[in-house]
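[1] Okay, structure incoming, though there's no sequence with it:
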Ligand SMILES: Cc1cc2nc3c(=O)[nH]c(=O)nc-3n(C[C@H](O)[C@H](O)[C@H](O)COP(=O)(O)OP(=O)(O)OC[C@H]3O[C@@H](n4cnc5c(N)ncnc54)[C@H](O)[C@@H]3O)c2cc1C
Ligand SMILES: Cc1cc2nc3c(=O)[nH]c(=O)nc-3n(C[C@H](O)[C@H](O)[C@H](O)COP(=O)(O)OP(=O)(O)OC[C@H]3O[C@@H](n4cnc5c(N)ncnc54)[C@H](O)[C@@H]3O)c2cc1C
Ligand SMILES: Cc1cc2nc3c(=O)[nH]c(=O)nc-3n(C[C@H](O)[C@H](O)[C@H](O)COP(=O)(O)O)c2cc1C
Ligand SMILES: Cc1cc2nc3c(=O)[nH]c(=O)nc-3n(C[C@H](O)[C@H](O)[C@H](O)COP(=O)(O)O)c2cc1C
Ligand code: FES
Ligand code: FES
């Protein structure tokens, strides 16, 4: 059930360069949150900044829901500065989330886009799950993924940890080695586009978690359109409602 | 020297109904603050709410400057919720402050307008200082005034403490008893108007601390005009610069 | 609280309460129907409709600004036929008025839309002559009094439905435009639509919105909207639906005092989906506290001496 | 940082840097002179002047709005003679340009003001045809292209001084007005003046401002101001001074990219008296980081594909 709830922050912790983990107390009524879904969060306690910020669920633990947020502007900075004991205004869970499908799956995350894959990884922990995580420099969340998967590989652009280069190169290597049932990906648009290309090339299905600027988050305002294939042509669908997870087949990236 | 400084809050305490005392660490450079002067304070840490709020100096203690603030809207609510350890952005000290003059003086404060008289009372503590404090209901700051004056009288509109009625009636009673060198007054406009009338009637000089909505606080924007006598006619002067303390002779209240 | 009469009569269109939701901010009601009981709203202005389906503008379509937002949706909508077939039956379940917001590129298109909706369940039409997000002329209609008069008159002749004309704030003199709509035969005026604004990404040295400019809404525009509602109310005799930045009961009461007979909530829904209900309660409390029997008692009751 | 050229040439009026302060928000310089080194500003637009002293409007003259403020000062000023005698000598000490903002009720008054200031030390005149706070006609001048053309031409003929025309945003088409000023002989255009707004005290059921309406300024109006600067810059060839809600270096850079050759800071001074210096440093940092040699390199450099 989607709802607006005021929840207590129980933990805020810096876990990487400008990256914070925020844990809130899970209130009653939010029992069926799926990975890939997001909450639309008020950054401050007042109406400024005005719009809510969409933040994906990172992990659902007994009494808490955790988010991992990267400071990238006024809203996320404020969010990351909120303290345990304060309350947070959340709307959600929103969007469709990932469809759990396949026995042999591969998770591809780029930067802050690694966070929304964690809960997914936990769900697949007893199956064959490979995790590829890409960062510009200093990685984060890696050890947590390692709890749920024995096959976690890291790529960094500066080569400081793991493979030096893009995470999509690792993906291509993996798929060249063995086939997979599903690729789950979340990260910057260039990465998702490359994942789409690779998934087509290797004929592996994919689910991509897309990002788009949002206002309402619930499907009413139509600002968050994502271009998808529709019959012969294309259509705009709502990232917040029909997405944010789309089948890699249907998403049409701009040239 | 007027300056913008970021100061540390060292204490916030509720001292009356919706009334808070906020103490900040007094930084270097603010050595000559006079009672009746005010600081122009940013309520929050960001630009919202936009304008600064003018708040009078209440007391200057060794290492601290204290303010007493009544919650009366968004800005003062935010201000009163600020916590020790947080920093406060202050511009000041601004305005002219009270002129210290006379051997036998009487201080008349109404509501939150009592606060700006405290430092003044301290300065007069070794002289003949009478303090009249008026409140709607529950009084505050009374014991602090009693530290500096043996003649503190309280009036409340509901009669819960002290004289039941207006503080200006007490003023009239005092002046009927004995003459004074100066009346210092701060409070709501109706009170100040009455103080002006009484001071004229008894031929006692007065200094009134006026309130007007402000933007810049430094004399540049001209929104804070106060009507004062000028020759045969009148003039608008700046409450923030020529005031907020005006001679009771010159202020012209609207009918 | 229950004794207060919250209904308003917009000269023929009776709303059970003065709280409506602004076109384009509430979809076709379904989404927010999960949060609020749609039966408790005075009216729902549905997403702007055009004759044919419109895909709208490329993304990004939204930018945040200080206490406001820019949008450049560009009237994405499934077209009037799809609305009638797929959305109207859902909306008709509720005893809340349904107001169809119609958008044309030509006077003829406006008239055809009005005709098409004439024998449907919609309770009123809102003529949007002020959308800043379509290139073909939406703006031009709304900025010139003569054009406003013409399009209103033509639509008036095309439909017996209650007719609201929605005004653009991007004009020289809102009173003049309001009069033009009144004289053209409008039953009611709604205002304001968004102001036109822009935002630039200094790193990429490009506008934040793909389309460059967009419509500014939200609390930031409230003072302008309130002033325009006040001016329009002085200029015309027909009722006014006021909007622009309304985010709480106090804002809504300001608009009623300024002369609006009803108000619309737009952007604030995005931040607080329950805001309309909170506004309802807040207005009722205010009326009770001030000793009024009916919300009608405060409409246009601004003292201005 | 020191290697970057911050000067701008407004077609004859050379400013040592593009940061100026908006008329009416900086008095005659004295007050903020205690906070910032006035020698470091590009120009100071002084408080609006009239022929005779004006006392201005009754109080309250200010209301806070969401990320904005309304003012209704009403051009309180000591009159042009007192300005020349008592304020100009102080301002002339600094090697910062002094721009006199002039305000008339009639074309003739504008011309007389311009003449009077012609052989003084002011570096330029800013013709304010857009003050929303005088009843007698200030607004009417600024909203009609023909009137803008006429008043500009007459003032042009009355003075050899560099002439800036300050535009009102309360118009239908800012481009049209900008062209009228250019064709009238303006050397430069400045915009925007305040939007007209209103705020109501619901307890007293009265406007917050004694005068009812006032001019809206501050961050809230930035998107509208930026859009108008962009449109004006496309419409005319003369340089533009952009303003409206600029509160930091990023805002200032947006205006430069949109086509302003200089910017003015108004309301933001009230919140942060050091803001102009912070904007200076921020622009310099940006230019350095992006590898520019001169601030001129980013003026109008918005990509819009
Ligand atoms: C479905 C979804 C899930 C997301 N999950 C996460 C997450 O788990 N952790 C995380 O750190 N970030 C996540 N993001 C991105 C996050 O929403 C943005 O970083 C954030 O909104 C930026 O706000 P800001 O105020 O810091 O930046 P500003 O640039 O100041 O924001 C200005 C406006 O643009 C919007 N905006 C800016 N960047 C983005 C962006 N990348 N995506 C969407 N809107 C943006 C903001 O919401 C705001 O309305 C997610 C985005 C989406 C769409
Ligand atoms: C020189 C001076 C000294 C003051 N000293 C004190 C003090 O020591 N303690 C204290 O509690 N209050 C003091 N005040 C009043 C205090 O400034 C206001 O209560 C406060 O600004 C209200 O802000 P708000 O956001 O809570 O109210 P809102 O009503 O939300 O404020 C809206 C706007 O109106 C202005 N405003 C509202 N009420 C007043 C008012 N009474 N005076 C001036 N501006 C107002 C605000 O500054 C703001 O710009 C003083 C005022 C002045 C002029
Ligand atoms: C995302 C969005 C879409 C809008 N679409 C329409 C529309 O289709 N038709 C219309 O008349 N107004 C449209 N508007 C304008 C609103 O109905 C309203 O007039 C405006 O947003 C001001 O109100 P607000 O500040 O409460 O949002 C839209 C506004 C927003 C924010
Ligand atoms: C208190 C105040 C007084 C103003 N007085 C004048 C004036 O005398 N002449 C003028 O041309 N503009 C005047 N303005 C408008 C400003 O110069 C500027 O155009 C406007 O405030 C927008 O900029 P801002 O948002 O940075 O303040 C005034 C603005 C304010 C806030
Ligand atoms: S954000 Fe409003 S429809 Fe998606
Ligand atoms: S507040 Fe600006 S002059 Fe007094």
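    Received, thanks. As the structure is a computational prediction, the values presented were derived from the model and not from experiment. Ligands and ions are numbered 1, 2, ... in the order given.

[2] Now the residue of the stretch 201-305 of chain C found nearest ligand 6: closest residue in space, sequence neighbours ignored.
    Per Cβ to the nearest ligand atom, residue C:223 is where the stretch 201-305 of chain C lies closest to ligand 6, at 19.3 Å. From N, CA and C alone the C-beta is placed, and that goes for glycine too. What sits nearest to residue C:223 in space, not counting adjacent residues and going by Cβ to Cβ, 6 or more residues apart in numbering or on different chains, is residue D:197, at 2.9 Å.

[3] dump the residue contacts of the one you found.
    Contacts were defined as Cβ atoms under 8 Å, 6 or more residues apart in numbering or on different chains; by that measure residue D:197 touches C:222, C:223, C:224, C:226, C:227, D:65, D:68, D:70, D:213, D:214, D:215, D:216.

[4] Next to ligand 2 in this structure, residues from the stretch 201-305 of chain C, please.
    Not one residue of the stretch 201-305 of chain C sits near ligand 2, judged by Cβ under 6 Å from any ligand atom.

[5] need the helices for the stretch 201-305 of chain C, in chain order.
    Using DSSP state H, counting those that start in this stretch, the helices of the stretch 201-305 of chain C run over C:222-235, C:249-258, C:268-271, C:275-290.

[6] Of these, which is nearest residue D:254?
    Nearest to residue D:254 among the helices of the stretch 201-305 of chain C is helix C:222-235 (20.8 Å), distances taken as Cβ to Cβ.

[7] For that closest one, which residues meet the burial criterion?
    When burial is assessed from 16 or more other Cβ atoms under 10 Å in any protein chain shown, helix C:222-235 yields the following buried residues: C:222-233, C:235.

[8] Among these, which one lies nearest to chain A?
    Set against chain A, the nearest of these by Cβ to the nearest Cβ is residue C:222 (11.7 Å).

[9] and residue C:215, what are its bridge partners?
    residue C:71, residue C:196 (DSSP bridges).

[10] right, and it touches residue C:193 too?
    Yes - using Cβ atoms under 8 Å, residue C:215 makes contact with residue C:193 at a distance of 6.9 Å.

[11] Just want the residue of the stretch 201-305 of chain C that's nearest chain D.
    Residue of the stretch 201-305 of chain C nearest chain D, by Cβ to the nearest Cβ: residue C:223 (2.9 Å).

[12] ok, residue C:157 - contacts?
    By Cβ under 8 Å, 6+ apart, the neighbours of residue C:157 are C:111, C:185.

[13] Go ahead and confirm the residue of the stretch 201-305 of chain C closest to ligand 6 touches residue D:71.
    No - using Cβ under 8 Å, residue C:223 makes no contact with residue D:71, being 11.3 Å away.

[14] Now residue C:178. Nearest residue, chain neighbours left out?
    Distances taken as Cβ to Cβ, 6+ apart place residue C:232 nearest to residue C:178, at 4.1 Å, with adjacent residues excluded.

[15] Distance-wise, check residue A:105 relative to residue A:145.
    Distance from residue A:105 to residue A:145, counting by Cβ to Cβ, to the nearest Å: 13 Å.

[16] now residue C:96
    Using Cβ to Cβ, residue C:96 is found at 49 Å from residue A:145.

[17] again with residue C:234
    The spacing between residue C:234 and residue A:145, counted by Cβ to Cβ, is 65 Å.

[18] remind me which residues of the chain are low pLDDT?
    Unless you meant another one, I'm taking chain A. Applying pLDDT under 70 to chain A flags the ranges A:1.

[19] should've been chain C
    Looking along chain C with the criterion set at pLDDT under 70, you get C:1-2, C:131-140, C:305.

[20] and the nearest residue to residue A:163 once chain neighbours are set aside, what helix or strand is that in?
    Counting by Cβ to Cβ, 6+ apart, the nearest residue to residue A:163 once its immediate chain neighbours are dropped is residue A:155, at 4.2 Å. Residue A:155 belongs to strand A:151-156 when assigned by DSSP states H and E.

[21] neighbouring contacts of that strand?
    Strand A:151-156 is contacted by residues A:129-139, A:142, A:145-146, A:161-167, A:169-170 when judged by Cβ under 8 Å, 6+ apart.

[22] in that strand, what's buried?
    So, applying 16+ other Cβ under 10 Å, buried residues of strand A:151-156: A:152, A:153, A:154, A:155, A:156.

[23] Report the two of these separated the most.
    Using Cβ to Cβ, these span at most 13.6 Å, a distance reached by A:152 and A:156.

[24] Now do the SS call for the closest residue to ligand 3 within chain C.
    Closest contact between chain C and ligand 3, by Cβ to the nearest ligand atom, is at residue C:24 (1.8 Å). Applying DSSP: H, G, I helix; E, B strand; the rest coil to residue C:24 yields a three-state assignment of coil.

[25] Which residues are in contact with it?
    Residues counted as contacts of residue C:24 (Cβ under 8 Å, 6+ apart) are A:221, A:222, C:47, C:48, C:71, C:73, C:101, C:266.

[26] Can you tell me which of these is closest to residue D:289?
    When these are compared for distance to residue D:289 (Cβ to Cβ), residue C:71 wins out at 31.0 Å.

[27] Which residue would you name as the spatial centre of chain A?
    Taking Cα atoms, centre = their mean as the criterion, residue A:116 is the residue nearest the geometric centre of chain A, at 3.0 Å.

[28] For the residue lying closest to that residue once chain neighbours are set aside, give me its contacts.
    Leaving aside its sequence neighbours, residue A:116 sits nearest to residue A:56 (Cβ to Cβ, 6+ apart; 3.7 Å). Neighbouring residues of residue A:56 by Cβ under 8 Å, 6+ apart: A:36, A:37, A:38, A:39, A:67, A:115, A:116, A:186, A:209, A:244.

[29] and if you look at residue C:40?
    C:17, C:96, C:276, C:277, C:280.

[30] The last one: neighbour count?
    Each residue near residue C:280 was counted by other Cβ atoms under 10 Å in any protein chain shown, and the total is 20.

[31] Torsion angles phi and psi at the residue nearest to residue C:145 when sequence neighbours are not counted?
    Using Cβ to Cβ, 6+ apart and skipping the chain neighbours, the partner closest in space to residue C:145 is residue C:180 (4.0 Å). Backbone torsions for residue C:180, taken as degrees, to the nearest 10, come to phi -60, psi -40.

[32] Show me which pair in the contacts of residue A:56 is furthest apart.
    Across the contacts of residue A:56, the longest distance by Cβ to Cβ is 15.5 Å; it joins A:39 and A:186.

[33] wait, residue C:51 sits on residue C:114?
    No - checked against Cβ under 8 Å, the pair residue C:51 and residue C:114 is beyond contact range at 10.9 Å.

[34] dump the residue contacts of the residue of the stretch 51-200 of chain C found nearest ligand 1.
    Ligand 1 sits closest to residue C:64 of the stretch 51-200 of chain C, with a gap of 4.0 Å, by Cβ to the nearest ligand atom. Residues near residue C:64 by Cβ under 8 Å, 6+ apart: A:49, A:50, A:51.
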